[in-house]
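# Have a look at this fold, sequence not included:
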């Protein structure tokens with residue numbers, strides 16, 4: 001018999017094994033010193049655990065733990081109060097700026113409207129440029145991956161399998177190390 005697993009030891013100590021399996025374990029323990037020591041250690045641990053006094057848990061123990069795991073969701077009233085406070089503050093600032101300036105009420109709205117449309121225009125141009133850059137990067141990536149696969153496919157006919165495995169492993173290791181160094185430079189803020 002091979003050495004005992006921890007599961008077998010606990011099943012043996014808790015008398016949950018069939019008689020024939022129990023006898024084979026006892027036979028093994030008599031001839032295997034490491035398993036005998038392991039069994040004695042586990043027996044002492046079980047006795048130590050059983051000798052501990054029972055824990056007195058408060059009646060609301062489960063609720064306390066669950067409250068810490070899943071904190072209460074803020075009520076809707078708190079959100080409404082926060083939004084109302086923010087809106088009131090914005091209106092107060094708007095009114096203060098309006099009273100301090102020599103601009104008419106309609107002039108303020110005209111300037112606000114032109115500022116809003118300028119922001120929307122700039123944002124739309126930025127978004128279009130961002131999508132264009134992303135599509136170009138995606139196309140370059142697809143072409144690069146296609147090139148790599150075609151190169152590997154042509155190399156598989158020319159190189160022995162052992163050397164292919166070596167080259168693949170070397171490429172993966174180098175790629176991971178380059179990515180790791182770049183990530184480290186980016187996170188630490190060093191120049192690349």
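Yep, it's here. Source: prediction; values computed, not measured.
# for the residue located most distally from the centre of the chain, helix, strand, or coil?
No residue in the chain sits farther from the centre than residue 102, which is 54.5 Å out by Cα atoms, centre = their mean. Classification of residue 102 using DSSP: H, G, I helix; E, B strand; the rest coil returns coil.
# how far away is it from residue 158?
With the distance defined as Cβ to Cβ, to the nearest Å, residue 102 ends up 82 Å from residue 158. (Glycine included, C-beta is placed from N, CA and C.)
# do the same with residue 27
60 Å.
# higher neighbour count, the two?
Neighbours were counted for residue 27 and for residue 158 using other Cβ atoms under 10 Å; residue 27 has more, 11 against 8.
# tell me the phi and psi of the more buried one?
Backbone torsions for residue 27, taken as degrees, to the nearest 10, come to phi -70, psi -40.
# Residue 116 now?
phi -60, psi -40.
# so how far is stretch 77-86 off the chain centroid?
32 Å (Cα atoms, centre = their mean, to the nearest Å).
# and what of stretch 50-61?
With Cα atoms, centre = their mean, you get 35 Å for stretch 50-61.
# what comes up buried for that stretch?
Using 16 or more other Cβ atoms under 10 Å as the test for burial, stretch 50-61 gives no buried residues.
# Give me the contacts around that stretch.
Stretch 50-61 is touched from outside by residue 64, with contacts defined as Cβ atoms under 8 Å, 6 or more residues apart in numbering.
# Read off the pLDDT value for residue 122.
We have a pLDDT of 92 for residue 122.
# nope, residue 18 is what I was after
According to the prediction, residue 18 has pLDDT 89.
# ditto for residue 126
Taking residue 126 on its own, its pLDDT is 92.
# residue contacts, it?
Counting by Cβ under 8 Å, 6+ apart, residue 126 has no contacts.
# how about it, secondary structure?
Per three-state DSSP, residue 126 ends up helix.
# all strands of this protein, in order?
Secondary structure of the chain (DSSP state E): no strands present.
# In the record's domain split, what are the boundaries for it?
Residue ranges for each domain of the chain read 6-54, 75-158, 160-192, as given by automatic domain parsing.
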